[in-house]
Structure formats: structure tokens, C-alpha cells
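[1] Sequence first, predicted model second:
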Amino acid sequence: MHNLVRLNLRQTIVIGIAIFTFAFGGIGLLSLSNINQLQQEVVLVEQADDLRNLILEIRREEKNFFLYRDRSFFSVGRDNLGRARIALDALSGDIGASRGLEHGMALDRGLARYGELLDRLGETPASPAEGAPAAQKLRETGQELVEHSQALAELERQSILRINQKLRLTLIVSMAAIAVVLFALVIFVSKSILRPLTRVQEATRRIAQGTFVPLKVKNDHDEIQQVFVALNSMVEELKKRQIQLVQAQKLSSIGTLASGIAHQLNNPLNNISTSAQILAEETAGQSEFGDRMMRNITQETLRARDIVKGLLEFSRHKDFAPAPYPIKAVLESAVQLVSSQIGPRIAVNLDVPGDVTLMVDRQRLQEALINLLINATQAIGGEEGVIDIKTYTEEEYEVITISDTGEGMSADTLQRIFDPFFSTKEVGQGTGLGLFIVYGIVEKHGGAIRCESTPGEGTTFFIRLPLIPDEPGGEA
């Protein structure tokens, strides 16, 4: 039982149609055969009636001969016998029943004997009396011919009745078969199509209500069951997307919170910077160590203030507004903002000329660069690694490359990295929106982005941004 082949919906329908076609084709051929046989029997009945009429005509001429002594009977009788012989020959080839064949053979013998008796009577000069032995023999033979011809016609009529009954039976059987097929079709459609579609409809309603329960899949080869599989998979994917969207909303809230914190940090940092400068002026020259510490406090305060300033610019929402910016400054700002996440085990090499200015929206481009730097950091993980950032001019574009020595990506992953919500990270560790957002930001600038990656050898992103006309290096 376990080795039985389970048919899918398409195969079941094809087999059902084939059975339906063969069944009704057989019924049609049987009906056609019966109709052809009926037509043949009608022809045979007509031929049998013609033969019987010829024999009756011979008997009428015979009676006229004995009543009126008209010797033309012999010539007319021979002509009618010849026609009867021809009719019998045409009929005898189609007589199939044993009784019909018996009557045909009796007619053949009777016509021959009647012809002999007719010739014998025609050779006598005087017409025999009606009661003469020769006349009596002729009349007996004629009567036998009439009986056999009538019996043969009756057999053919009975054959027509049997064929008619067979046609009626075929019609009844056909109607019964149609009823059975239609009943089976209704059951099949209801069980295999309508009922599963009703389950799909109920499932979509439960999805809308947030109470979806995965549908049970009975046969993976069935197309409707495959719809169940796809629906279950879709719902699981929707659950993951919902978690990722919640995570994205959390990140957005964190950005808003960070903006507020940055605003609040500005005043303490300004106070620290002012106090450190005043104290440095008051204690200048009193202690070399103290002067060095005051300089460190002032530098670190300025560095913290720059980070807070960059965080404020990054979190502030503005309309897309490109302006000329040195690309090196944008890259340095992005590296500074993610420096705390990069860690000491990853070296960042920035090889960017300072004379290249592009027309960019600094905040959005910085957001795209930060996404790529965070991805590079996560690809390297806890191992030691390097992130190389370079730029070069290619025709009318400036190309930014960000390379890492991380784990790399497979070809299948590489094809999907810019799809929305696609992520190779565990649920809750990433939204799957990062590279999709990067792709949109680069396109917004009129540029393009592509990626090259080899498993185990790292990943490189290439960002092409248009140069400003008439700028150094901007001519084709």
C-alpha cells in the first residue's frame, strides 16, 4: 500500500478525461454499429419483401393459368422465376441466422423445382387439369415458396426488433454511465477542488485576523496541496517580515531617542569644553602632566562633540537635497559614526583623494555608507580583518569601493542581496532592509551599485556616482 503511486490533480483529471473519452467513444462506436446493422436489416427486409411479392405474383399467374388456360403463364412465370432467383441471390449473401439460412436454401431448391415443373407442364400440348398430379405438385411447390419467403421476411423483421431493443438498452446504459460519471465528477470536484479552495478562503480570512493555523498537507504532488504548502510558507515568511518590521520600527525609535540624547549631550559637552579651556589657562605651565591631561580632555571633548553633531545630522529627517560635498569628508564622517561598532580587531583603510567633490545628499549617502560598513563589520565577525575604502574615476563617474575580508557570499545569496526584506541573519538580528535602502539611495543619486563576492574570500561593493561637470576629473 505504501508503494502505490499517488496521482496529482492534473494526472487525475487527465486520466478521468481519458476514461470518459474511451467510455463514450465505445458507446458511440457500439451505437454506430447497431445503427449500421439496423440499416442493413431494413435493406434485407425490403429485399425479402420484393422476393415474397415476386413469388406471390408467380402464384397469381398460376391461378390465372388454371382458371383461364392462358399459356402466357409459362413465359411470364419463367421471367418472374428469373427475377426471384436474382432477388434470392442478392439476399442469400446477407442471411446470417441459421433459420434464415435454412429458409434461403429451401427457397433456392423450391425455385429450381418450380422451374422444372413449369418447363414440364409447358412441354405438354394440352393444359393439364387443376387436379392433375403435375398441377398439384406445382401448386404445392408454389405454396412452399410463399411460406418460406414470408418466414424469411418475418425473421428479418424480428432481427430489426432485436437491434432496436439493443439500441434502447445501449441508450439506457449510456444515460446511466453519464449519470455515474457526472456524480463521480461532482464528488471529485467537491472533494479535490471546492473543499480545498474553501479551506484556502478560510485560511486567508484567518490570516487577515492574525489567527492563522498552518494547513495540513496530505499529498505534496497535488496542485491544490501545493497551494497549501505555498500558503504555509507565505505565512511563515510574513511572520518573519512582521518581526523584521517591528525591529525596523524599534531602530527608528532608537534613532529618534538618539537624536534627543544627542541634543541633551551638547550642553554638558560644551560646559566640559569651556571648563577645561578655562582651567588650562589658569594652570598653564604649573605641571607638564596636568597640561597634557587638560589637552587630552579638550581633544576628547571636541571629538565627542563632533560625534554628537554627526549623530544629529544622521538622525535628522530632511527632504532629498543634493549639494556639492567632498566625498572624502562624507566617508570619514561615516567611518567615525560606526567606529564604536568596528572594534579594535578590524582595521579600516581609507584611501580617498581630497579633491573630489560630488553632488550628493550628505545625510542619505552617509546612511548608505554606514549600512555597508556595518555589513562589512558583521561579515568579518569576531575575527581580525580589514575594511578597505577606495575611490577612482571611471569615465563620468566616481567609483567608491568598500571591501572586507569577511566570509563572503554564495552565488544564490549574491543574486538576492538587494531584494527587500532579504537577510541572511537570524530573526531579530537584522531587518533585511539595509542593502535595499542602500540600493534606493544610490539610484536616487543617479548612480548604480553592484557587488562581487566569493565564499571565504570577502566581499566588495562598487558604488558609481556621477561627477559634477567641469570639476577636476569630471570630464570624459
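    Thanks, I have it. Numbering: from 1, shown residues only.

[2] CA atoms for contacts and neighbours, from now on please.
    OK.

[3] Could you check how far stretch 401-418 is from the centre of its chain?
    Between the centre of stretch 401-418 and the centre of its chain there are 32 Å (CA atoms, centre = their mean, to the nearest Å).

[4] now do the same end-to-end measure for it.
    Taking CA to CA, to the nearest Å, stretch 401-418 runs 17 Å from one end to the other.

[5] which outside residues touch that stretch?
    For stretch 401-418, contacts defined as CA atoms under 8 Å, 6 or more residues apart in numbering pick out 372-373, 376-377, 379-381, 385-391, 422-423, 435-436, 439, 451-463.

[6] Sort out for me which of those residues are in helices.
    372-373, 376-377, 379-380, 435-436, 439 (DSSP state H).

[7] Widest-spaced pair of these?
    380 and 439 (21.8 Å; CA to CA).

[8] on that earlier part again, using CSV, lay out the ones in helices among the contacts of stretch 401-418 together with pLDDT, neighbour count and distance to residue 178.
    Shown next, in CSV, are the ones in helices among the contacts of stretch 401-418 (pLDDT from 0 to 100; neighbours: other CA atoms under 10 Å; distance: CA to CA, whole Å):
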residue, pLDDT, neighbour count, distance to residue 178
372, 91, 20, 68
373, 91, 24, 71
376, 90, 28, 69
377, 90, 23, 71
379, 88, 19, 67
380, 88, 21, 70
435, 82, 20, 61
436, 81, 17, 59
439, 88, 20, 62
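
[9] just the residues you listed now: which is nearest residue 338?
    After measuring the ones in helices among the contacts of stretch 401-418 against residue 338 - CA to CA - the closest member comes out as residue 373, at 7.5 Å.

[10] Distance of that closest one relative to residue 333?
    12 Å.

[11] what does residue 280 give?
    29 Å.

[12] Please list only the buried members of the contacts of stretch 401-418.
    372-373, 376-377, 379-380, 385-391, 422-423, 435-436, 439, 451, 453, 458-463 (16 or more other CA atoms under 10 Å).

[13] Over to residue 347: give its phi and psi.
    phi -100, psi 130 (degrees, to the nearest 10).

[14] Just give the closest residue to it, not the sequence neighbours.
    residue 386 (4.8 Å; CA to CA, 6 or more residues apart in numbering).

[15] So the one you found sits against residue 343, correct?
    No. Residue 386 is beyond contact range of residue 343, at 11.3 Å (criterion: CA atoms under 8 Å).

[16] Strands of this protein, residue ranges please.
    323-326, 346-351, 357-360, 385-394, 397-404, 448-454, 458-466 (DSSP state E).

[17] ok, the residue lying closest to residue 466 once chain neighbours are set aside - how many residues close by?
    Leaving out its chain neighbours, the residue that sits closest to residue 466 by CA to CA, 6+ apart is residue 397, at 4.4 Å. By the measure other CA atoms under 10 Å, the count of residues near residue 397 is 21.

[18] And the one 3 residues further on, by the same measure?
    Residues near residue 400, counting by other CA under 10 Å, number 21.

[19] quick one: contacts for the nearest residue to it once chain neighbours are set aside?
    Once flanking residues are discounted, residue 400 sits nearest to residue 391: 4.5 Å by CA to CA, 6+ apart. Contacts for residue 391 (CA under 8 Å, 6+ apart) come out as 351-353, 398-401.

[20] Let's see that with 6 Å instead.
    352, 399-400 (CA atoms under 6 Å, 6 or more residues apart in numbering).

[21] Likewise for residue 457?
    Counting by CA under 6 Å, 6+ apart, residue 457 has contacts residue 408.

[22] could you redo the last one with a cut-off of 7 Å?
    405-408 (CA atoms under 7 Å, 6 or more residues apart in numbering).

[23] can you tell me which two in these are farthest apart?
    405 and 408 (7.8 Å).

[24] Tell me which of the strands of the chain sits nearest to residue 115.
    Across the strands of the chain, closest to residue 115 is strand 448-454 (CA to CA), at 110.7 Å.

[25] and the closest one, what's its mean pLDDT?
    For strand 448-454, the mean pLDDT works out to 91.

[26] related to what we said a few turns ago, neighbour-wise, which of the contacts of residue 457 leads?
    residue 406 (25 neighbours).

[27] roughly how far apart are it and residue 463?
    19 Å.

[28] Put the alpha carbons of stretch 189-208 into PDB.
    What follows is stretch 189-208 as a C-alpha-only set of coordinates in PDB (Å, rounded to 0.1, in the frame of the first residue of the first chain):
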ATOM      1  CA  VAL A 189     -14.700  18.500  -7.800                       C
ATOM      2  CA  SER A 190     -16.200  18.900  -4.400                       C
ATOM      3  CA  LYS A 191     -13.600  16.900  -2.600                       C
ATOM      4  CA  SER A 192     -10.500  17.800  -4.600                       C
ATOM      5  CA  ILE A 193     -11.100  21.400  -5.700                       C
ATOM      6  CA  LEU A 194     -14.100  23.100  -4.000                       C
ATOM      7  CA  ARG A 195     -13.400  21.900  -0.400                       C
ATOM      8  CA  PRO A 196      -9.700  22.800  -0.500                       C
ATOM      9  CA  LEU A 197     -10.500  26.200  -2.100                       C
ATOM     10  CA  THR A 198     -12.900  26.800   0.800                       C
ATOM     11  CA  ARG A 199     -10.100  25.900   3.200                       C
ATOM     12  CA  VAL A 200      -7.800  28.400   1.400                       C
ATOM     13  CA  GLN A 201     -10.600  31.100   1.700                       C
ATOM     14  CA  GLU A 202     -10.900  30.400   5.400                       C
ATOM     15  CA  ALA A 203      -7.200  30.500   5.800                       C
ATOM     16  CA  THR A 204      -6.900  33.900   4.100                       C
ATOM     17  CA  ARG A 205      -9.600  35.200   6.400                       C
ATOM     18  CA  ARG A 206      -7.700  33.900   9.400                       C
ATOM     19  CA  ILE A 207      -4.500  35.500   8.100                       C
ATOM     20  CA  ALA A 208      -6.300  38.800   8.000                       C
END
